[in-house]
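In: No sequence on hand, only this structure:
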């Protein structure tokens, strides 16, 4: 019984050490709705899928323009008003 209690206390102690990436209320979910992602994916297939197999292979992906890459993967945003921190 003491063994189980000590393991439980250890787990609780380690769990208390974990802190969130950013404080609540900052940042947030910057993901697109799935409908928008699906629409962009379909546009890219129409434009760059040369062999019409429904997939973009390595050669087709290499021909995607920088503007279209930004549409597919917009830059990520971090929490507001906080400098970048080092993880250690």
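Out: Alright, I've got the coordinates. Here the structure is a predicted model, which means the values were calculated and not measured.
In: CA atoms for contacts and neighbours, from now on please.
Out: OK.
In: Give the residue spans of this protein that score low on pLDDT.
Out: Applying pLDDT under 70 to the chain flags residues 14-31, 75-88.
In: how about the helices in it?
Out: 2-17, 34-48, 58-62, 66-72 (DSSP state H).
In: Verify the stated contact: residue 64 with residue 48.
Out: Yes. Look at residue 64 against residue 48 with Cα atoms under 8 Å: they come within range, at 7.0 Å.
In: okay, those two: which has more neighbours?
Out: Higher neighbour count among residue 64 and residue 48: residue 48, with 19 against 14, using other Cα atoms under 10 Å.
In: How about that one, nearest residue that isn't a chain neighbour?
Out: Using Cα to Cα, 6 or more residues apart in numbering and skipping residues adjacent in sequence, the residue nearest residue 48 is residue 60, 6.0 Å away.
In: Ramachandran coordinates for residue 53?
Out: phi -100, psi 0 (degrees, to the nearest 10).
In: Report how many residues lie close to it.
Out: 9.
In: Tell me who's in contact with the closest residue to residue 61 other than its chain neighbours.
Out: Excluding the flanking residues, the one nearest residue 61 by Cα to Cα, 6+ apart is residue 48, at 7.5 Å. Residues near residue 48 by Cα atoms under 8 Å, 6 or more residues apart in numbering: 56, 60, 61, 63, 64.
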